[in-house]
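Asks: Got a sequence here, can you build the structure:
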Amino acid sequence: MTGYFSRNAGRITLRLYRPDEVAFDIEFLIDTGFAGEIKLSPYWIGTLRLPKLWNEEFTVADGRVSPYEIYAAECDWAGKKRLVEAVEMVGEPMIGIDLLRDFSLFLEVRDGGAVEIKAL
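Replies: Numbering: from 1, shown residues only. Take a look at the predicted model:
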């Protein structure tokens, strides 16, 4: 999987599916400080019509503990459809470290630099 480096982050596009199989290509920021699989805004949770799984508390960067809703999502990952847990949070869509587990991440840290994610 490939992407590019822009606005101080690696970025890749993932295809996500609604339950009726309608697909959306969404650009994700790669955030190795985020412990989940993916983060989506309320807009994308609604647009994708994702089913809610449960609520969970997370400690955010400023140290606050806040409750968040977790949803089931299906995406293309490494050439296969994969079920992932999506945390609903305001802001840009993000890929977290749990989705990157068992993959290598290469970043050219300059505007327009290459981003590569490969299975180990």
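Asks: show me where the protein has strands.
Replies: For the chain, the strands defined by DSSP state E occupy 2-6, 9-17, 23-30, 38-40, 52-59, 65-77, 80-88, 94-95, 103-107, 114-119.
Asks: which stretch in the ones you listed is the model least sure about?
Replies: Mean pLDDT per stretch puts strand 52-59 lowest among the strands of the chain, at a mean of 86.
Asks: List the neighbouring strands of that strand plus their orientation.
Replies: Next to strand 52-59 in the sheet, as set by DSSP bridges, lie strand 65-77 (antiparallel).
Asks: can you pull the buried residues of stretch 24-32?
Replies: By 16 or more other Cβ atoms under 10 Å, the buried positions in stretch 24-32 come out as 26, 28-31. Bear in mind the C-beta positions are built from the backbone N, C-alpha and C, glycine included.
Asks: Distance from it to the middle of the chain?
Replies: 5 Å (Cα atoms, centre = their mean, to the nearest Å).
Asks: Next: stretch 67-80.
Replies: 7 Å.
Asks: And stretch 83-101, by the same measure?
Replies: On Cα atoms, centre = their mean, the centre of stretch 83-101 falls 3 Å from the chain's centre.
Asks: List the contacts of it.
Replies: 12, 14, 26-42, 44-45, 50, 53, 56, 58, 68-75, 77, 117 (Cβ atoms under 8 Å, 6 or more residues apart in numbering).
Asks: One more: stretch 27-46?
Replies: Contacts of stretch 27-46 (Cβ under 8 Å, 6+ apart): 3, 9-14, 16, 24, 26, 48, 50, 58, 61, 69, 71, 73, 75, 84-100, 105, 107, 115.
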